[in-house]
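**Q** predicted model follows, preceded by the sequence.
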Amino acid sequence: MSMRRDVHEEVRSRLHEAAGAHEPDRERMLARVERGMAGPAGSGHREARPPVFGWMRVAGATAAVAGVLAVGGYAVASAVKDEAAPRRQEVATSPTPTPSPEATSRPPAPPAPVEPTPSRAAQSRAEPRPPARPHAAPATARPAPAPPARAPS
C-alpha cells in the first residue's frame, strides 16, 4: 500500500510543477478563436435530420413500449388466471335421512301432479322457470313460539 501512495504522490508533485511552469500563449489562443469564427457554420458537424424522422422515432418508441406492456399484461393475466382457476373437489356426503311417520305430526304430502309437456313454440314463449331442486327434503311444520305474557297495567 505504501508503494501506491508513493507513486500517487510523485505523479501529483510532477503535475503541480508542470502547472506552475506553464505560461499560456495568448496570441496562439486568439488565432485559434479567429479561425473558428471565420470558418463555415456547419463545418465538421452533421446536419440536423428533418423533423419527419424525429416523429417517426417517437412513434416507433411508443409502439414498442405499448407492445411490451401488452405482452406483459397478457403474461400476468395468464398467470393469475391459472392460479385462480377453481379446482374440482369431491366431497363424500351421506344420503339425507327420511323422516319417520312418528317424527312428524302430519302425513307426507302426495307428489305433485305431472303436467303434460308443452309444445316447443309454447316453451319458447313461456317465461323461464327456476330449476327444480331434486334433493329437497320435506319441511316439517313447527309450532310458532307463544308470545311473552304481558303484565297487567
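**A** Ah, there it is. Residues are numbered from 1 along each chain as shown.
**Q** the helices in this structure, which residues?
**A** Using DSSP state H, the helices assigned to the chain run over residues 2-21, 26-38, 51-84, 120-125.
**Q** any idea how far residue 112 is from residue 93?
**A** When distance is defined by Cβ to Cβ, to the nearest Å, residue 93 is 26 Å away from residue 112. Bear in mind the C-beta positions are built from the backbone N, C-alpha and C, glycine included.
**Q** so where's the protein shaky on pLDDT?
**A** The chain contains residues with pLDDT under 70 at 1, 40-51, 82-87, 99-108, 114-153.
**Q** try 90 this time
**A** 1-7, 24, 35-57, 78-153 (pLDDT under 90).
**Q** thinking again about what came up before, tabulate the helices of the chain (a markdown table), appending distance to residue 97 and mean neighbour count.
**A** Listed next are these as a markdown table, based on distance: least, Cβ to Cβ, whole Å; neighbours: other Cβ atoms under 10 Å:
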| stretch | distance to residue 97 | mean neighbour count |
| --- | --- | --- |
| helix 2-21 | 93 | 9 |
| helix 26-38 | 105 | 9 |
| helix 51-84 | 37 | 10 |
| helix 120-125 | 37 | 9 |
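**Q** residue 98: which of those is closest?
**A** Taking Cβ to Cβ, helix 120-125 is the member of the helices of the chain nearest to residue 98, at 33.6 Å.
**Q** picking up where we left off before, got CSV for the helices of the chain, with distance to residue 98 too?
**A** CSV is the format used below for the helices of the chain (distance: least, Cβ to Cβ, whole Å):
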stretch, distance to residue 98
helix 2-21, 97
helix 26-38, 108
helix 51-84, 40
helix 120-125, 34
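**Q** having no further points to raise, I will conclude here.
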